[in-house]
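Novice: Structure for the following, please:
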Amino acid sequence: MFNQNKLKIYSEHSNKIIQDSRKNNNYFTKPYKHLVIDNFFDQKLINQSLKNFSNAFDESWEFTNDKDIEIKYRSKWTSEFDIPEGIIDVVRIMNGADFLKSISEIFKIKKLIPDPYFTGGGLNVTKKGGLLDVHVDGNYHDASSLNRRINVILYFNKNWKDSWGGEFGIYENKGKKCVKKIPPLFNRFLKYKV
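Specialist: Next up, the predicted model:
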């Protein structure tokens, strides 16, 4: 884990990248608002997180196997105390007030708050033959009764190959036609409005 001063530097750097996203052509409005930013976190920070990424076969994961909707592993975090040591720094930055303010300004959504219950959040692993079908993310947060407004994805796929597939597909409003594919490249940050 990094000390507070180093984490603050990493946080300031990522917030600057978010704030500059419009002028750097990382911000898109169609078919809905989203950001795609490569090399988002400092290499030392993201590599520490990757090194501490949990083995997907231990008891800290749940496996979903619904052949028509999703086949994947998901971490079973219920609080920040469930997060592995080397990954907590990234989560702290993304749940921090400065980060949320930067996102709030870009997406024009006031008073964003993180999800302290990690409902639907955490780590996800989709292995060969896995699936996450086309869907609309739920916008209701069961634990707080608040509206879910924004989702964040940070990819940990080092040495990704296009032949593997698994891109994040952005579909038109009816969900029939894919209008954009975003490959899950290592240290790629994806943020979209629910």
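Novice: Now residue 111. Nearest residue, chain neighbours left out?
Specialist: Distances taken as CB to CB, 6 or more residues apart in numbering place residue 104 nearest to residue 111, at 7.2 Å, with adjacent residues excluded. No exception for glycine: its C-beta is placed from N, CA and C like everyone else's.
Novice: For the helix or strand where the one you found lies, buried residues please.
Specialist: Element membership of residue 104 [criterion: DSSP states H and E] is helix 97-107. Of all the residues in helix 97-107, those buried under the rule 16 or more other CB atoms under 10 Å are 99-104, 106-107.
Novice: tell me what the one helix or strand residue 92 maps to is packed against?
Specialist: Using DSSP H and E, the element containing residue 92 is helix 85-95. Here helix 85-95 touches helix 4-19, helix 43-51, strand 150-154, going by 3 or more CB pairs under 8 Å, 6 or more residues apart in numbering; DSSP states H and E.
Novice: contacting residues for the residue most central in space within the chain?
Specialist: Nearest to the mean C-alpha position of the chain, counting by CA atoms, centre = their mean, stands residue 153 at 1.7 Å. By CB atoms under 8 Å, 6 or more residues apart in numbering, the contact list for residue 153 reads 168, 189-191.
Novice: Check the gap between it and residue 168 for me.
Specialist: 7 Å (CB to CB, to the nearest Å).
Novice: Now for these two: what residues contact both?
Specialist: Joint contacts of residue 153 and residue 168 (CB under 8 Å, 6+ apart) are residue 190.
Novice: With mean pLDDT added, can I get the helices and strands packed on helix 85-95 in a markdown table?
Specialist: Rendered in a markdown table, the data for the helices and strands packed on helix 85-95 read as follows (pLDDT from 0 to 100):
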| stretch | mean pLDDT |
| --- | --- |
| helix 4-19 | 96 |
| helix 43-51 | 95 |
| strand 150-154 | 94 |
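Novice: want to try TSV for those, with distance to residue 74 as columns?
Specialist: TSV is the format used below for the helices and strands packed on helix 85-95 (distance: least, CB to CB, whole Å):
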stretch	distance to residue 74
helix 4-19	24
helix 43-51	17
strand 150-154	13
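Novice: so which of the ones you listed gets nearest residue 134?
Specialist: Ranking the helices and strands packed on helix 85-95 by proximity to residue 134 (CB to CB) places strand 150-154 first, at 15.0 Å.
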